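Chemist: Okay, structure incoming, though there's no sequence with it:
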C-alpha cells in the first residue's frame, strides 16, 4: 500500500473509532498503532472486560460493545474478557462500600446469559472470549508481591472513590486495592493494544497501560466512553434504578421507552447508540420536529436489535395506542382475580409498573393514570375491575385486564 493510501486508511479507521469517545490516551499513539496494523496486516488486540455480576445487558452496556463491533468490522481482533476471577472481588468503582464476593454458581449462570445477549451485537464466530481466572488463579505469592511492588499506597488512596470513603470514615479493604492491579494484569496476559471502558474506569484502564510498560510491552491505548444516562435524564442507566432499555426488551417496549425521554437526552442517544453520521444528526436537530425525531431514534434502535419490519410495526403500535388512542389493538393482558382494588396497589403490587407507592402517586396526580383513556387523579380511588379494561400509566405502560 502506498503511503498516501495508508494515511487515508488510518484516518478513515480513526474517524470511525473515535466517535463517541470522551477521551483517547493517547491519540498520536493510537494512530501509530493503526498505521502499523494496516501496514503489516496485523489486527489490533482490543480488550473489553466485564464482570458477570448481573444477568441482563442494557443499551448502556452496549455502548462499548458496539465500539468493539466497529473494531471487529474493521478487521481487528475483539477480545471479550469475562472477569471470572475479579467478579469474586468486586469492582470498587463508584461504590460507597465494599462489595460482597460472588459465588461461582452465580457467575457461571450470568456468563451464559451474557453470551446469549452478545450475539445481538457482535459476530460471536469472530470474537475471542477469555476468562481471567485462567491466569489469575495460577499466580503465586511471589507473582502477587511483584505486581504489588509496581504500585504505591499513595496512588491507590488518591483514587476518588477510595479517598471519599476514607474521608467519610468508611473502610477500604486491601483486596479492593488489588482490583485495578489485577485488571491491569489482564492486559499484560492478553497483550492488549487497546482497552475500552467507561470514563469511570479510567483509573483501572490506566493501570493496564502502566503494567504493560513495566513488563516491557507496548502500552495499550485507553479508549474512554461516556456513561450512558438513563431514561430519567439524571442517573446513569441501571436496571436497579429502572431507567434502562434492555437489549432484549420487546420492540414495543423499546419504542415506548425512547418516546418517554427528554428532547435533550434524545440527541445524546442519537450519537451514542446509533450509527447515524454526526452531520445527519445535526440536520435532524435543525429540521425535524422533536416528536418525529424521537420516533426515528426509536426505529433506529429497534433496527439494531431486531429488524426494519419490527421497527415499523412498533411505530404503528405506538401511534395507534398513544397517538390515535385506538384501544382496539392487541395489548398485553394481565389476569387479576380481585373485583376491586385501590389504584396504588394496582400499579405497584399487581401490575409492577412502579417500585414505590410515591412513584405511583406522582404519576396519578400528574394525570398519567388512565382507565379506558380516562384520567383518574384521585390517589385514593378504588377501581372496579372488569374484563377488557385498558390501564395506562405514564408514557410506556399499558395493559388490558383479563377476568
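Modeler: Sure, I can see it. Fair warning: this is a prediction, and the values are worked out from it, not measured in the lab.
Chemist: Next SSE downstream of the worst-scoring helix or strand of the chain on mean pLDDT?
Modeler: Sorted by mean pLDDT, DSSP states H and E, the helices and strands of the chain end with helix 86-89, the least confident at a mean of 77. Next helix or strand after helix 86-89 toward the C-terminus (DSSP states H and E): helix 104-118.
Chemist: Does anything pack onto that following helix? Which helices or strands?
Modeler: strand 77-82, helix 86-89 (3 or more C-beta pairs under 8 Å, 6 or more residues apart in numbering; DSSP states H and E). Heads up, the C-betas are built off the backbone N, CA and C, glycines and all.
Chemist: for the ones you listed, which one sits closest to residue 247?
Modeler: In terms of C-beta to C-beta, the element of the helices and strands packed on helix 104-118 nearest to residue 247 is strand 77-82, at 14.6 Å.
Chemist: How far off centre is stretch 302-310?
Modeler: Taking C-alpha atoms, centre = their mean, to the nearest Å, one finds the center of stretch 302-310 at 19 Å from the center of the full chain.
Chemist: Show me which residues of it are buried.
Modeler: 302-306, 310 (16 or more other C-beta atoms under 10 Å).
Chemist: next one: stretch 118-128
Modeler: Neighbour-count burial for stretch 118-128 [16+ other C-beta under 10 Å]: 118, 121-122, 127.
Chemist: Check those residues and tell me the two furthest apart.
Modeler: 121 and 127 (9.9 Å).
Chemist: Starting from the helix or strand hosting residue 400, tell me which strands it pairs with and how they run.
Modeler: Residue 400 belongs to strand 397-402 when elements are defined using DSSP H and E. With DSSP bridges as the test, strand 397-402 is paired with strand 333-335 (parallel), strand 390-393 (antiparallel).
Chemist: Which residues does that strand contact?
Modeler: For strand 397-402, the external contacting residues (C-beta atoms under 8 Å, 6 or more residues apart in numbering) are 321, 331-336, 351, 353, 385-392.
Chemist: List the buried residues for that strand?
Modeler: Applying 16+ other C-beta under 10 Å to strand 397-402 flags 397-401 as buried.
Chemist: Just send the residues you listed back as JSON lines, with pLDDT and distance to residue 70 too.
Modeler: Formatted as JSON lines, the buried residues of strand 397-402 follow (pLDDT from 0 to 100; distance: C-beta to C-beta, whole Å):
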{"residue": "397", "pLDDT": "84", "distance to residue 70": "35"}
{"residue": "398", "pLDDT": "85", "distance to residue 70": "36"}
{"residue": "399", "pLDDT": "86", "distance to residue 70": "39"}
{"residue": "400", "pLDDT": "86", "distance to residue 70": "42"}
{"residue": "401", "pLDDT": "89", "distance to residue 70": "46"}
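Chemist: now, which of these sits nearest residue 370?
Modeler: Nearest to residue 370, judged by C-beta to C-beta, of the buried residues of strand 397-402 is residue 398 at 8.9 Å.
Chemist: surely residue 230 meets residue 257?
Modeler: No: Residue 230 sits out of contact with residue 257 when judged by C-beta atoms under 8 Å, with a separation of 10.0 Å.
Chemist: what number of residues lie near residue 367?
Modeler: 10 (other C-beta atoms under 10 Å).
Chemist: contacting residues for the residue nearest to it when sequence neighbours are not counted?
Modeler: Nearest non-adjacent residue to residue 367, counting by C-beta to C-beta, 6 or more residues apart in numbering: residue 375, 4.7 Å away. For residue 375, the contact set (C-beta under 8 Å, 6+ apart) comprises 367-369.
Chemist: now do residue 66
Modeler: So residue 66 contacts 121, 273 (C-beta under 8 Å, 6+ apart).
Chemist: before we move on, what about residue 276?
Modeler: Here residue 276 is in contact with 270, 284, 300 (criterion: C-beta under 8 Å, 6+ apart).
Chemist: Mind doing that once more with 7 Å?
Modeler: Contacts for residue 276 (C-beta atoms under 7 Å, 6 or more residues apart in numbering) come out as 270, 300.
Chemist: From residue 260, how far out is it?
Modeler: Residue 276 sits 21 Å away from residue 260, going by C-beta to C-beta, to the nearest Å.
Chemist: go on, residue 373?
Modeler: As judged by C-beta to C-beta, residue 373 and residue 260 stand 18 Å apart.
Chemist: what's the answer for residue 291, then?
Modeler: Per C-beta to C-beta, residue 291 is found 12 Å from residue 260.
Chemist: So the two - more neighbours on which side?
Modeler: residue 260 (15 against 11).
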